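Student: Would you be able to build a 3D model of this:
(one chain, ligands or ions: 2)
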Amino acid sequence: MPTVKYQKDETVMGRWPGSSLYYQVKVVGFDSKSQLYTVIYKDGTELELKEQDIRSAAGFQLRSRSRSRSRSPGRRRSRSRSPARTTRRSSSRTAAAVAAAAITESAKESSRKDAKVKDTPEADLSSVTKEAENNSNNKHEKKEENNTANKVNEKPEAKVDAEPEKNQGRYNLRRRKDDGDAKPVETKAEEPEEKEAKPAPAPTVATTLDFGGKIGAYFWLLFLPAWVLFLLLQVNMEDPSLVNFPPPLPPLETLWDTQAFGIVILWILFQALLYVLPVGKLSEGMPLRTGERLKYRTNGFFAIVVSALVAVAAVYQGIDLTYIHSNFLQLSVATFLISVLLSIYLYIRSRYVSADQLALGGNSGNVVYDFFKGRELNPRIKNFDLKFFCEMRPGLIGWCLINFAMALAEMKQQGLDAPSYAMILVNVFQLLYVVDGLWNEEAILTTMDLMHDGFGFMLAFGDLVWVPFTYTLQAYYLVSHPNPLSPLVVALIVTLKLVGFYIFRKSNSEKNAFRRNPSDPTLSYLKTIPTATGKSLLVSGWWGVVRHPNYLGDLIMALAWSLPCGFSHLLPWYYMIYFIILLVHRDSRDMSNCRRKYGSAWDEYCRTVRYRIIPRVY
Ligand SMILES: NC(=O)C1=CN([C@@H]2O[C@H](COP(=O)(O)OP(=O)(O)OC[C@H]3O[C@@H](n4cnc5c(N)ncnc54)[C@H](OP(=O)(O)O)[C@@H]3O)[C@@H](O)[C@H]2O)C=CC1
Ligand SMILES: CC(C)CCC[C@@H](C)[C@H]1CC=C2C3=C(CC[C@@]21C)[C@@]1(C)CC[C@H](O)C(C)(C)[C@@H]1CC3
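Tutor: Ligands and ions are numbered 1, 2, ... in the order given. Next up, the predicted model:
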């Protein structure tokens, strides 16, 4: 690296993304194209930093022991702490607040003592921790070794970042061992120093390819639709056993039905209309890399109530909803076509958006992989958020409508006056799940899909086809495979469902409330681990039991959905099996994302909370 400021193997101070904290790092390389330095932290975390976020080690001066002794005890304690320590939240100070305090206090102090500090680039954490600890009633008693690196807060930085999360975009976080063969497709020229307050777009490059990478993307693109077709053919059979493989294929021309296509289009338009109505709350999403917070119309509960009223009115008007049962294959093919067209549109438009609008994972440079995974994080047509809409409306509410139609089909086919217990349980359980999701619609804004994943084929197909046409298999199965249940069994299954629901709801609400307002007084009893990004991790409460308590609750509920169908066939257990695979994979995706984001703080969390989903088992 002949013409660059910092040399390979040089030890320097690198700013941690989104904060004004500097750590000792080693320069590993420099990319002249992107003008980024690759640096490695002591804990092995590798980042790419701009030159302006690196300082020479000599420019920093760690506070000497003798000097620190003259300070208040609160100040002294703070310096020995690592970014990955466990703290008790008393008066609700969290890492975000600590980081904010670090920034604002250090800015205030630097202007107050301008004359004194101007030419003394001295490292200082005291102003940060003073405010933080005062606010937490000095309960931060636990001393821990700094297992990341020597952390210091550069005092005389005039343009400190008021919102840590705003700055994430300037860095490309990756671990050395995760390096894939992905090529950077879009990087942005370095912005001048003066623009630091408004962060530059992210050099969004997918370095870790999920789902088996490029080859995997080809596989999933072919396999997922074929699998849905297989399931739908299977459930139509009298004996849907794997022994009867392959199920007989209907003539191809019968798969297409223009009326079915029209019905699906009308349904999506109807849901879109309900979504844009100025009814309900406008909720703010999590801060994006640019610092912006998008607004979402969270009127999902209103949408499902109106949809239910329309469905019931339609039945009273003599419209035969069992059409859905008898034309299930045709409806699914029509929806599949729409999801493919939508994915193509999404991919094309993603080629024209700026780098800071891309998701970190779907930008590998490989067309097929990016088409599958999705490139753009929040594709919108004006205020109409396509990802949010597809995830929460047509498919999710369609799931309930289809279940309802299956109950009517069961009554018709079995000659019943009312649906069977099993059908009622499946309908009510899944309706509760969807209604709960829509009632707490705001909580979706802190989930992986909304915050991190791009919108491409996987989610478009998942939301529009996978959810309504495979999550309804239990109800479909019951139409022609009755399974009588005794009241005791019903009671046991209901209890199981309620237990699962309680865990699911409580844990999701706890995390959502914490992410939305880390200072929420109702959460002040919880312990947290601050991270160097400014966000904290919950380490007690539900998130202290296992690392994904919400998945645990969801799995228990899935069990309660399959049990009413009995044990005669594997098909109604398909959801349970698929869901275990999905959540285990999702958990490991989330683990590596969080490991990359939070470095040693995440390791600390994993050491404290040892199990992923099931306590003492997994
Ligand atoms: N029925 C279905 O088909 C499916 C249902 N689901 C359900 O959807 C819900 C959302 O799931 P999903 O989006 O996968 O993930 P989560 O809602 O579990 O979100 C994971 C994120 O939470 C944050 N986080 C993780 N640990 C902590 C902690 N200790 N303290 C604070 N924040 C933490 C991290 O984000 P950050 O730190 O960046 O905020 C992490 O990336 C779940 O209930 C799941 O069961 C999911 C998939 C399919
Ligand atoms: C096609 C692939 C193999 C898998 C695609 C996965 C998607 C179907 C799921 C990814 C995350 C989802 C969520 C829900 C539905 C399924 C998908 C889209 C969810 C909306 C269901 C209702 C819940 O209450 C929820 C927590 C809001 C769920 C959020 C995640």
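Student: what number of residues lie near residue 265?
Tutor: Neighbourhood size, residue 265 [other C-beta atoms under 10 Å]: 13. Backbone N, C-alpha and C define where each C-beta goes, glycine included.
Student: swap in residue 525?
Tutor: 12.
Student: can you pull out the helices in the stretch 351-500 of the chain?
Tutor: Counting by DSSP state H, counting those that start in this stretch, the stretch 351-500 of the chain has helices at residues 367-373, 386-392, 394-414, 421-439, 448-451, 457-461, 467-470, 473-480, 487-516.
Student: who does the second one touch, helix- and strand-wise?
Tutor: Based on contacts counted as 3 or more C-beta pairs under 8 Å, 6 or more residues apart in numbering; DSSP states H and E, the elements that helix 386-392 packs against are helix 258-276, helix 328-350, helix 448-451, helix 457-461.
Student: mind redoing it with 7 Å?
Tutor: In terms of contacts (3 or more C-beta pairs under 7 Å, 6 or more residues apart in numbering; DSSP states H and E), helix 386-392 is packed against helix 448-451, helix 457-461.
Student: got the buried residues for the longest one?
Tutor: For helix 457-461, the buried set under the neighbour-count rule, 16 or more other C-beta atoms under 10 Å, comprises 457-461.
Student: coming back round to it: make a markdown table from the helices and strands packed on helix 386-392 and add mean pLDDT to it.
Tutor: Output for the helices and strands packed on helix 386-392, formatted as a markdown table (pLDDT from 0 to 100):
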| stretch | mean pLDDT |
| --- | --- |
| helix 448-451 | 86 |
| helix 457-461 | 96 |
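Student: would TSV of the ones you listed with distance to ligand 2 be doable?
Tutor: Formatted as TSV, those follow (distance: least, C-beta to the nearest ligand atom, whole Å):
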stretch	distance to ligand 2
helix 448-451	5
helix 457-461	6
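Student: Neighbouring strands of the strand of greatest length in the chain in the sheet, and parallel or not?
Tutor: For the chain, the longest strand by residue count, based on DSSP state E, is strand 21-31. Here strand 21-31 is paired, per DSSP bridges, with strand 11-15 (antiparallel), strand 36-41 (antiparallel), strand 152-153 (antiparallel).
Student: the helices in the stretch 501-618 of the chain, which residues?
Tutor: Per DSSP H, counting those that start in this stretch, the stretch 501-618 of the chain carries helices over the ranges 549-562, 574-598, 600-608.
Student: Ligand 1: which of those is closest?
Tutor: With distances scored as C-beta to the nearest ligand atom, the stretch of the helices of the stretch 501-618 of the chain nearest to ligand 1 is helix 549-562 (3.3 Å).
Student: So is the closest one next to ligand 2?
Tutor: No - using C-beta under 6 Å from any ligand atom, we find that helix 549-562 stays clear of ligand 2, coming within 7.7 Å at best.
Student: And for residue 284, nearest residue in space, chain neighbours not counted?
Tutor: residue 293 (4.6 Å; C-beta to C-beta, 6 or more residues apart in numbering).
Student: What ranges in the protein fall below the confidence cut-off?
Tutor: Scanning the chain for pLDDT under 70 picks out the ranges 1-3, 16-21, 33-34, 41-46, 59-208, 361-362.
Student: follow-up on the earlier one: OK, contacts around the residue nearest to residue 284?
Tutor: By C-beta atoms under 7 Å, 6 or more residues apart in numbering, the contact set of residue 293 is 284-285, 287.
Student: how close does it sit to ligand 1?
Tutor: 14 Å (C-beta to the nearest ligand atom, to the nearest Å).
Student: and that residue, which of the three is it?
Tutor: Under DSSP: H, G, I helix; E, B strand; the rest coil, residue 293 falls in the coil class.
Student: For it, give me phi and psi.
Tutor: Backbone torsions for residue 293, taken as degrees, to the nearest 10, come to phi -120, psi 120.
Student: Likewise for residue 246?
Tutor: Torsion angles, degrees, to the nearest 10, at residue 246: phi -80, psi 150.
Student: swap in the one 3 residues further on?
Tutor: Residue 249 adopts backbone torsions of phi -80, psi 130, taken as degrees, to the nearest 10.
Student: and it, how many neighbours does it have?
Tutor: Using other C-beta under 10 Å, residue 249 is surrounded by 10 other residues.
Student: before we move on, which element is the closest residue to it other than its chain neighbours in?
Tutor: In this structure, residue 249 finds its nearest non-sequential neighbour in residue 233, 7.1 Å apart by C-beta to C-beta, 6+ apart. In this structure, residue 233 sits in helix 213-235 according to DSSP states H and E.
Student: ok, now residue 325?
Tutor: helix 323-326.
Student: Buried residues, that helix. List them.
Tutor: Judged by neighbour count using 16+ other C-beta under 10 Å, the buried positions of helix 323-326 are 323-325.
Student: From these, list the ones also adjacent to ligand 1.
Tutor: Of those, not one also sits near ligand 1 (C-beta under 6 Å from any ligand atom).
Student: where does the stretch 351-500 of the chain come near ligand 1, residue by residue?
Tutor: Within the stretch 351-500 of the chain, the positions adjacent to ligand 1 are 446-449 by C-beta under 6 Å from any ligand atom.
Student: which residues touch the residue nearest the centre of the chain?
Tutor: For the chain, the residue nearest the mean C-alpha position is residue 448 (0.7 Å; C-alpha atoms, centre = their mean). Counting by C-beta under 7 Å, 6+ apart, residue 448 makes contact with 586, 590.
Student: which residues touch residue 334?
Tutor: Taking C-beta under 7 Å, 6+ apart as the test, what residue 334 contacts is 260-261, 264.
Student: Most neighbours of all those, which one?
Tutor: residue 264 (23 neighbours).
Student: The spatially closest residue to that one that is not a sequence neighbour and residue 617: what is the separation?
Tutor: In space, and not counting its chain neighbours, residue 264 is closest to residue 334: 4.7 Å by C-beta to C-beta, 6+ apart. For residue 334, the distance to residue 617 (C-beta to C-beta, to the nearest Å) stands at 42 Å.
Student: ditto for residue 294
Tutor: Counting by C-beta to C-beta - residue 294 and residue 617 are separated by 38 Å.
Student: More neighbours: the two, which one.
Tutor: Taking neighbours as other C-beta under 10 Å, residue 294 and residue 617 compare with residue 294 leading, 18 against 8.
Student: Contact partners for that one?
Tutor: 285, 378, 385.
Student: The second one and residue 384 touch, don't they?
Tutor: No - using C-beta atoms under 7 Å, residue 378 and residue 384 do not qualify as a contacting pair, with a distance of 11.0 Å.
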